[in-house]
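K.L.:
missing the sequence, but the structure's below:
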C-alpha cells in the first residue's frame, strides 16, 4: 500500500511558475514510479510526467516538454513537479500517482493522491 499527498497548487498568471510536491509513504518504494496527471473540467485525465524512484528515469508528455521538470528526493520520499511558462490550458486538478509498472497511462496506476488545483489565469 502506498499513500500520496499533493501540495503546492494555486493561482498563477500566464507565464508564471508553480512547484507541486508529492509526499509518498509505504513499503518498497524503490520498486515504484511516480506519475503526475491532470484533469481539466470535461476532459479525460492526462499523463503529464513520470519518474522512476529507483533510477530517476523520466518521461514527459509532449505538451509540457521544455516547461515542466520532474525530480525526486529519495531521502525525503518526495517527488516534485516544477512547472514554468504556464499557460491557461495547463489549468486542471493535478494528481500524483504510484505504479510498479507503467508510464503515462492512468489505468496503470493503482495508488492516487487527492489532487491539487492549478489555475493559470490573468
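P.N.:
Great, that's in hand. Keep in mind that what you see is a predicted model, and the values were worked out from it rather than measured. Numbering: from 1, shown residues only.

K.L.:
what's the distance between the residue nearest the centre of the chain and residue 27?
P.N.:
Nearest residue to the geometric centre of the chain (C-alpha atoms, centre = their mean): residue 36, 2.2 Å. Going from residue 36 to residue 27 by C-beta to C-beta, to the nearest Å gives 22 Å. Where C-beta positions appear, they are placed from N, C-alpha and C, glycine not excepted.

K.L.:
just to revisit the earlier point, what sits against the residue nearest to the centre of the chain?
P.N.:
With contact taken as C-beta atoms under 8 Å, 6 or more residues apart in numbering, residue 36 is in contact with 20, 22, 47-50, 70, 79, 81, 94-97.

K.L.:
Among those, name the ones in strands.
P.N.:
Under the assignment DSSP state E, the contacts of residue 36 contribute 20, 22, 47-50, 70, 79, 81, 94-97 to strands.

K.L.:
Report the contact partners of residue 68.
P.N.:
Contacts of residue 68 (C-beta under 8 Å, 6+ apart): 48-49, 60, 81-84.

K.L.:
Right, I'll leave it there.
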